[in-house]
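In: Let's see this in three dimensions:
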Amino acid sequence: MNERVSVLLKNFNIEEFQKSLIEWFQEEKRNLPWRADKDPYKIWVSEVMLQQTRVDTVIPYFYRFIEKYPNIEALANADEQELLKTWEGLGYYSRVKNLQAAVKEVQTQYGGVVPDEKKTFSKLKGVGPYTTGAVLSIAYNKPIPAVDGNVMRVLSRIFEIEDDIAKIRTRKLFEELVEEIISREDPSSFNQGLMELGALICKPTSPDCLLCPVRDHCRAFQHGTETRLPVKSKQKKGRTVQYVAAILLDERGKVVIRKRPDEGLLASLWEFPNEEVISGKKNMIIDFENEWLDKYGANVDLLEPLCVVEHVFSHLTWKIHAFVGLVKGELPQNMKVVAFEEVDEYPFPVPYQKMWKEYKKKIAI
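Out: Coordinates of the predicted model:
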């Protein structure tokens with residue numbers, strides 16, 4: 001135990017804290033679908049879905065995903081485009097691509113059984129310390145810390161820790177702290193209890209301290225500092241990039257769609273043709289039409305505006321000026337034309353889903 005953790009644990013009753021937290025969790029835990037059994041595959045899927053996504057949003061996706069891919073073998077053998085379509089709307093698509101890559105390794109290297117050892121499981125693609133701790137503690141009852149933002153918020157208040165939780169070294173501190181206080185008898189309920197406490201009671205703003213099962217152990221509550229913890233430095237504001245995008249119809253009334261590169265942001269998804277708006281140019285419509293003629297030798301005529309869509313990523317914002325138009329001429333290899341009713345079969349990022357929804361409303365379908 002390092003010196004800082006030793007100081008934090010001075011006069012802290014670990015056994016009473018464990019008892020209060022676990023008893024509360026077992027009585028008050030939410031009825032969530034991935035808690036129906038201890039299937040490590042389902043728990044793993046749920047934890048990947050829950051990264052950056054609210055529980056209420058995840059639940060219907062989880063049901064659909066498990067119905068389509070009920071086990072390791074099904075997911076390992078899934079077609080990538082169908083998989084991305086199933087994930088469509090959850091965002092952060094690299095999560096599910098990494099999950100499939102890891103599951104393929106489990107299928108080939110470990111006989112389709114999710115490894116129960118920390119060293120082995122943590123080496124799988126896309127698996128970090130939190131996912132390792134969550135899956136192995138919940139599914140296999142291993143006493144491994146599972147420290148995410150919820151848990152750091154809870155512990156920063158309980159131990160009145162003012163370190164910046166956005167920093168890696170602070171997460172390491174919390175992991176070392178949980179190593180010392182985690183229940184060896186029931187690490188599954190302990191870790192889930194901390195997560196549940198953060199979700200239901202120890203909320204980011206206006207924590208319900210009077211309902212908290214461990215408030216007698218909470219130093220922030222005792223000192224009235226709970227509302228200013230945790231300390232988290234603000235991220236720098238991301239840049240905004242503007243695009244012109246278009247629902248382009250060919251001479252047969254089919255819709256032009258384009259596949260994004262297999263690496264990078266929103267890899268392997270589909271989108272409607274678009275071009276970045278270059279600062280200083282005066283007419284985005286003419287620029288788009290000229291760009292297509294120069295790049296592809298195709299004639300595009302943007303007929304009317306459709307909508308403006310803004311989409312915020314963690315590091316940038318897209319502002320998409322959407323139009324409806326016509327196209328004549330050959331299309332490049334990464335584009336194809338599909339029938340109107342086929343468009344919904346392809347996985348699209350959220351901003352392009354919004355474009356398509358607006359277009360369908362416009363033509364009253």
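
In: got a pLDDT number for M284?
Out: The predicted local confidence for M284 comes out at a pLDDT of 85.

In: Equivalent analysis for the one 10 residues further on, please.
Out: The predicted local distance difference test score for D294 is 86.

In: do S279 as well
Out: Value listed for S279 in the pLDDT field: 68.

In: how about low-confidence regions in the stretch 201-350 of the chain?
Out: Where the stretch 201-350 of the chain drops to pLDDT under 70, the residues are 279-282.

In: per-domain residue ranges of this protein.
Out: Split into domains by automatic domain parsing, the chain comes to 3-228, 239-362.

In: Quick check: which of the ones you listed is buried the most?
Out: Among the domains of the chain, the stretch with the highest mean neighbour count (mean count of other C-beta atoms under 10 Å) is domain 3-228, at a mean of 17. Every C-beta, even on glycine, is put in place using the N, C-alpha and C of the backbone.

In: to the chain's geometric centre, what's the distance from that one?
Out: Centroid separation between domain 3-228 and its chain, computed with C-alpha atoms, centre = their mean, to the nearest Å, is 14 Å.

In: what about the strands in the stretch 101-250 of the chain?
Out: Using DSSP state E, counting those that start in this stretch, the strands assigned to the stretch 101-250 of the chain run over residues 239-249.

In: Quick one: distance of stretch 342-358 to the chain centre.
Out: Computed by C-alpha atoms, centre = their mean, the separation of stretch 342-358 from the middle of its chain amounts to 19 Å.

In: Let me see the residues that make contact with that stretch.
Out: Outside of stretch 342-358, the residues within contact range by C-beta atoms under 8 Å, 6 or more residues apart in numbering are 81, 84-85, 87-89, 91, 93, 245, 247, 255, 257, 266, 268-272, 306-307, 309-311, 318, 320, 322, 338.

In: Now go through those residues and say which are in strands.
Out: In this view, the contacts of stretch 342-358 that belong to strands under DSSP state E are 245, 247, 255, 257, 270-271, 306-307, 309-311, 318, 320, 322, 338.

In: Nearest to P213, out of these: which one, please.
Out: Taking C-beta to C-beta as the measure, H311 is the one of those closest to P213, at 39.6 Å.

In: From P33, how far off is the residue nearest to the closest one when sequence neighbours are not counted?
Out: For H311, ignoring the flanking residues on the chain, the nearest one in space by C-beta to C-beta, 6 or more residues apart in numbering is P351 at 4.1 Å. In this structure, P351 and P33 are 29 Å apart, going by C-beta to C-beta, to the nearest Å.

In: what does L21 give?
Out: Separation of L21 from P33 (C-beta to C-beta) stands at 23 Å.

In: What of K97?
Out: As for K97, its distance to P33 is 23 Å (criterion: C-beta to C-beta).

In: again with W292
Out: Using C-beta to C-beta, one gets 47 Å for the distance from W292 to P33.

In: pLDDT wise, what is the closest residue to C218 other than its chain neighbours at?
Out: Leaving out its chain neighbours, the residue that sits closest to C218 by C-beta to C-beta, 6+ apart is I158, at 4.9 Å. As predicted, I158 sits at a pLDDT of 97.

In: Tell me if I'm right that I158 and Q222 touch.
Out: No. The criterion here is C-beta atoms under 8 Å, and I158 misses it with Q222 at 10.2 Å.

In: now L326, nearest residue through space, not along the chain?
Out: Distances taken as C-beta to C-beta, 6+ apart put D301 closest to L326, at 4.9 Å, once the chain neighbours are dropped.

In: before we move on, what about T53?
Out: L90 (6.1 Å).

In: Over to L266?
Out: P349 (4.9 Å).

In: Also G128?
Out: Of all residues not flanking G128 in the chain, S122 sits nearest, at 7.7 Å (C-beta to C-beta, 6+ apart).

In: V151 too?
Out: Closest residue to V151 apart from its sequence neighbours, by C-beta to C-beta, 6+ apart: L194 at 4.8 Å.

In: residues contacting that neighbour?
Out: For L194, the contact set (C-beta under 8 Å, 6+ apart) comprises 21, 146, 150-151, 154-155, 178.

In: Looking at those, which are in helices?
Out: Judged by DSSP state H, helices contain the following of those: 21, 150-151, 154-155, 178.

In: now the residues you listed in TSV, with distance to T57 and pLDDT?
Out: Shown next, in TSV, are those (distance: C-beta to C-beta, whole Å; pLDDT from 0 to 100):
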residue	distance to T57	pLDDT
L21	26	98
N150	16	92
V151	20	95
V154	22	97
L155	25	97
V178	27	97
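
In: and the two most separated of those?
Out: The distance between the two most remote of the ones in helices among the contacts of L194 (C-beta to C-beta) is 13.5 Å, for L21 and N150.

In: So for these two, which residues contact both of them?
Out: Looking at what touches both L21 and N150 (by C-beta under 8 Å, 6+ apart), the common residues are 194, 197.

In: Can you tell me the SS state at R252?
Out: Classification of R252 into helix, strand or coil gives coil, according to DSSP: H, G, I helix; E, B strand; the rest coil.

In: what's the closest non-adjacent residue to it?
Out: What sits nearest to R252 in space, not counting adjacent residues and going by C-beta to C-beta, 6+ apart, is V337, at 7.6 Å.

In: Surely that neighbour and G253 touch.
Out: No. The pair V337 / G253 is not scored as a contact, 9.5 Å apart, by C-beta under 8 Å.

In: and the gap between the residue nearest to V151 and L124?
Out: 24 Å.

In: what's the span of stretch 118-131, first residue to last?
Out: Stretch 118-131 has its terminal residues 10 Å apart, counting by C-alpha to C-alpha, to the nearest Å.
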